[in-house]
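1. Here's a sequence, model it:
(chains A and B)
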There are 2 protein chains.
Amino acid sequence: MRIGALEAGGTKMVCAVGDENGNILERISIPTETPAITMPKIIDYFKERNIEALGIGTFGPVDLDKKSPTYGYITVTPKLAWAHYDLYGTLKEALQVPVGLDTDVNASALGEATWGITKGLDNSIYITIGTGVGIGVYVDGKLLHGMLHPEGGHILLAKHPDDNYKGRCPFHPNCMESLAAGPAVEERWGKKGYELADREEVWELESYYIAQALVNYTLMLSPRRIILGGGLMHQEQLFPLVRKKFQELLNGYLKTKELEDLETFIVPPSLNDNQGIMGCIKLALNEIEK
Amino acid sequence: MRIGALEAGGTKMVCAVGDENGNILERISIPTETPAITMPKIIDYFKERNIEALGIGTFGPVDLDKKSPTYGYITVTPKLAWAHYDLYGTLKEALQVPVGLDTDVNASALGEATWGITKGLDNSIYITIGTGVGIGVYVDGKLLHGMLHPEGGHILLAKHPDDNYKGRCPFHPNCMESLAAGPAVEERWGKKGYELADREEVWELESYYIAQALVNYTLMLSPRRIILGGGLMHQEQLFPLVRKKFQELLNGYLKTKELEDLETFIVPPSLNDNQGIMGCIKLALNEIEK
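-> From the prediction side, this is the model:
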C-alpha cells in the first residue's frame, strides 16, 4: 500500500509516503509559510504519489469534533495565517482519498502505541517538551479527544520555592509550558537548553516541573507507560532526575506493578523521531478501516 | 429485571435492587465493619432477592485490571480489615451471577452518563468532594481505567499565597485532597464545612483549589461537562465561585462551545444522590451484555 502522512508543524510540513507496516518510503520537508503558498506544494506532493489514504498529525488547537461544522479546522493559533484554516477539508477535497486527522502529539502517541515502546499497552501518554509542551493520550486502545483534545501542556503547577521566574505563557504564569518549555529555560537562564547541559541546577529545576506534571498526568489518566520526547528531552540527564523526583512527589501513594520500575514507566521515544510520521500512517490506515 | 447494586463505602454498604431502567425498587444500608461481619449480611440480602446480576461501586484503591490475579481486590486502604480483600471474588462466588465492578466515583459518573445530566455526552467527569476527593472519568462512552483507575483527588496544586495550612494528606502536602477535602476545611478553620456556611473567606479559598483542579482535569481530559458532587458541594454558594475562578485561571486559553456557558459546564449531580447506586445498576447491566 501507499499511504500518505503529513506532520503539520508551525515551522515545517513533513510529507511522507509509507506502507501498511509503518515503513517510510520517502519524505520531504516544506517550510510552513501561509496556506496559499504552502498548501499547493503539499497537495502536489501527494497527488504525484497516488496515495490511497492520508493521515495528518497537526499543530493545534484543532477542531476534532466530527459533529462540528468546523471539523478539521485549525482554531486559534499565534500563526495567524493558519487560524480558522480548513486543513482537513482542503486536503480531503484535493486528494479525494480517506483522510485521518489528529494532533501532532496524539499522532506520536499512536505511532509508539502501534509500532513502538507502548505497543500492546491499552493506556499510555506521549509528552513532547520543546518550543511548547504537548500531550498525546491513548486510552483503551484509542486516542483521547472529548470536547477538543488534551492540552495538558497548560496544566497549572506549584512553583518551586526557589524559582522567581515569572513564566512565559501569555495565559498562565504557572502552567507547565510557562515554566518548563524550551523558551522558559532560555529566558530563565539566559542560554538555550543545549548550551546549559553541564549546569546541574538547570536540570534539577526542570526535572521538578516535569515530574510534577507527570504525577498529575498519572493520577488523572492512569497510563501504563509515559513517553517523554521533544527537543528538551535530548538532555538525557533529565530522565534519572525526573524519575527520582516523580517518586518523591508521588510518595508511594499508588501501588501498581507498572510503578515498581520507573525505568520502564518513564521512557524516551523508541522510533528515532519517526513516531509522529508513523502515527500519521496509522491514522490513515484507521480511516481506511472505517 | 431484578438487578443488584452495591455501593461499598468506608462507613456503610448500600445494597439495593433496581430494574433495567435505573429505577430503585428497594434498598438498605449496612454499617461497614470487618469483612467477616459485613459480607455475610450483604450476601444474604442479595441471595434472598434473586438478583440476575450485581454491580459494585467500591471505595478504593481497587484492582480493576482484568488480567491481574488480584482483580477485584481492595488494595491498600486505611481500613486495614479490608486491605487486600477479594470483594469481587467473594460476591461472585456466593451469588453466581454476572458481577460488574468499578470505583464508587466511576459508578457515579456512569449513573449520570446513563440517566442523568451527562447522558448523551461521550466524555464527562464526576468529582466528589467530601471526606476525600474522588474522580470518575467517562471517556468515549466508557469508564477510564488504565493501570489502575483515576486517582485525581491527589493531583498536586499550587498553594494559594495566603494559605499557610500544612495540608492533611499523609502523602502529599499540597494535593487537592490535602488542601480542599472536608477534613482539611475543618482543620484549617476549626469547624465543619456546614458550620462555616456564612464565612466568605472559607469558600473563596475552597473555590480557588477546586477551580485549579478543574482547570487541570479539563486540560488533560477534555470533558464536555464536569459534575461536582459530595458533601462539601452541598455548600451551593461554591458553584458560582468555582465557575468564576475557573474562568480566571483558564484565562481564555481553550475556546470550545462547551466552555461558552460555565453554568452548563460545571454542574451539580442531577440524580438526587442516587447516581452512585444507579451507576452500579448500569455496571451490572453492562456485565449481562457481555
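2. Now for the residue nearest to A:Pro31 when sequence neighbours are not counted: which residues touch it?
-> The spatially closest residue to A:Pro31, leaving aside those adjacent along the chain, is A:Lys12, at 5.8 Å (CB to CB, 6 or more residues apart in numbering or on different chains). All C-beta atoms are positioned from the backbone trio N, CA, C, and that covers glycine. Residues near A:Lys12 by CB atoms under 8 Å, 6 or more residues apart in numbering or on different chains: A:29-32.
3. what about A:Lys12, distance to chain B?
-> Between A:Lys12 and chain B the computed distance is 25 Å (CB to the nearest CB, to the nearest Å).
4. Check what pLDDT that residue gets.
-> The per-residue pLDDT reported for A:Lys12 equals 95.
5. Can you give me the neighbour number for the closest residue to chain B within the stretch 151-290 of chain A?
-> Evaluated by CB to the nearest CB, the stretch 151-290 of chain A has A:Ser222 as its residue closest to chain B, separated by 3.0 Å. For A:Ser222, the count of nearby residues is 24 (other CB atoms under 10 Å in any protein chain shown).
6. before we move on, what about the one 10 residues further on?
-> By the measure other CB under 10 Å, the count of residues near A:Leu232 is 24.
7. show me the contacts for the nearest residue to it once chain neighbours are set aside.
-> Distances taken as CB to CB, 6+ apart place A:Ile129 nearest to A:Leu232, at 4.5 Å, with adjacent residues excluded. Residues in contact with A:Ile129, defined by CB under 8 Å, 6+ apart, are A:180-182, A:210, A:228-233.
8. if I look at the closest residue to A:His160 other than its chain neighbours, how far off is B:Ser178?
-> Across the structure, with CB to CB, 6+ apart as the measure, the residue nearest A:His160 apart from its sequence neighbours is A:Tyr208 (5.4 Å). According to CB to CB, to the nearest Å, A:Tyr208 and B:Ser178 sit 18 Å apart.
9. likewise A:Val105?
-> Using CB to CB, which is the criterion applied here, A:Val105 is 30 Å from B:Ser178.
10. which one of these two has more residues nearby?
-> Neighbours were tallied for A:Val105 and for B:Ser178 using other CB under 10 Å; the higher tally belongs to A:Val105 (32 against 24).
11. counting residues per helix, which one in chain A is longest?
-> Counting residues, the longest helix in chain A under DSSP state H turns out to be helix A:200-221.
12. coming back round to it: in strands, which of the contacts of A:Ile129 fall?
-> Mapping these onto strands (DSSP state E) picks out A:228-229.
13. Mind checking which of the contacts of A:Ile129 are buried?
-> Of all those considered here, the ones buried according to neighbour count by 16 or more other CB atoms under 10 Å in any protein chain shown are A:180-182, A:210, A:228-230, A:232-233.
14. could these go into JSON lines alongside pLDDT?
-> Listed next are the buried ones among the contacts of A:Ile129 as JSON lines, based on pLDDT from 0 to 100:
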{"residue": "A:Ala180", "pLDDT": "98"}
{"residue": "A:Ala181", "pLDDT": "97"}
{"residue": "A:Gly182", "pLDDT": "96"}
{"residue": "A:Ile210", "pLDDT": "98"}
{"residue": "A:Leu228", "pLDDT": "98"}
{"residue": "A:Gly229", "pLDDT": "98"}
{"residue": "A:Gly230", "pLDDT": "96"}
{"residue": "A:Leu232", "pLDDT": "96"}
{"residue": "A:Met233", "pLDDT": "97"}
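15. Between the residues you listed, which sits nearest A:Glu195?
-> Within the set of the buried ones among the contacts of A:Ile129, A:Gly182 lies nearest A:Glu195; the separation is 11.7 Å, counting by CB to CB.
16. Pull the contacting residues for the residue nearest to the spatial centre of chain A.
-> Of all residues in chain A, the one closest to the mean position by CA atoms, centre = their mean is A:Val105, 2.2 Å from it. Contact criterion CB under 8 Å, 6+ apart gives A:57, A:126-128, A:134-136, A:150 as the residues in contact with A:Val105.
17. Can you add pLDDT, secondary structure and neighbour count and give those back as TSV?
-> Below are these laid out as TSV (pLDDT from 0 to 100; DSSP: H, G, I helix; E, B strand; the rest coil; neighbours: other CB atoms under 10 Å in any protein chain shown):
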residue	pLDDT	secondary structure	neighbour count
A:Gly57	98	strand	34
A:Tyr126	98	strand	33
A:Ile127	98	strand	26
A:Thr128	97	strand	26
A:Gly134	96	strand	28
A:Ile135	97	strand	29
A:Gly136	98	strand	32
A:Pro150	96	coil	29
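18. Mind picking the one among these that's closest to B:Ala94?
-> For the contacts of A:Val105, the closest approach to B:Ala94 (CB to CB) belongs to A:Pro150, at 41.6 Å.
19. re the thing from before, which of the contacts of A:Val105 sits closest to chain B?
-> For chain B, the closest of those turns out to be A:Pro150, at 5.6 Å, with distances computed as CB to the nearest CB.
20. Okay, A:Gly111 and chain B: tell me how far apart.
-> When CB to the nearest CB is applied, the distance between A:Gly111 and chain B equals 20 Å.
21. ok now do that residue, which residues does it touch?
-> Taking CB under 8 Å, 6+ apart as the contact definition, A:Gly111 lies against A:22, A:271, A:274-282.
22. Now rank these by neighbours and give me the top one.
-> A:Gly279 (35 neighbours).
23. Check which helix or strand A:Cys15 maps to.
-> Taking DSSP states H and E as the definition, one finds A:Cys15 inside strand A:12-18.
24. Sort out which residues of that strand are buried, please.
-> Neighbour-count burial for strand A:12-18, with 16+ other CB under 10 Å as criterion, is recorded at A:13-18.
25. now stretch A:181-192
-> Neighbour-count burial for stretch A:181-192 [16+ other CB under 10 Å]: A:181-185, A:188-189.
26. again with stretch A:206-225
-> For stretch A:206-225, the buried set under the neighbour-count rule, 16+ other CB under 10 Å, comprises A:206-225.
27. Same check on stretch A:28-35?
-> Under the neighbour-count rule (16+ other CB under 10 Å), stretch A:28-35 has A:30, A:32, A:35 buried.
28. Can you give the distance of that stretch from its chain's centre?
-> 19 Å (CA atoms, centre = their mean, to the nearest Å).
29. Just the residues contacting it, thanks.
-> The contact list for stretch A:28-35, computed with CB under 8 Å, 6+ apart, reads A:8-16, A:38, A:41-42, A:45, A:79, A:81-82, A:85, A:90.
30. What's the ChimeraX syntax to select whichever of those residues are buried?
-> The buried residues among the contacts of stretch A:28-35 can be selected in ChimeraX (16+ other CB under 10 Å) with this line:
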select /A:8,9,13,14,15,16,38,42,45,82,85,90
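31. Quick one: the helices in the stretch 51-200 of chain A, in order.
-> Counting by DSSP state H, counting those that start in this stretch, the segments of the stretch 51-200 of chain A that form helices are A:87-95, A:104-115, A:176-180, A:182-189, A:200-221.
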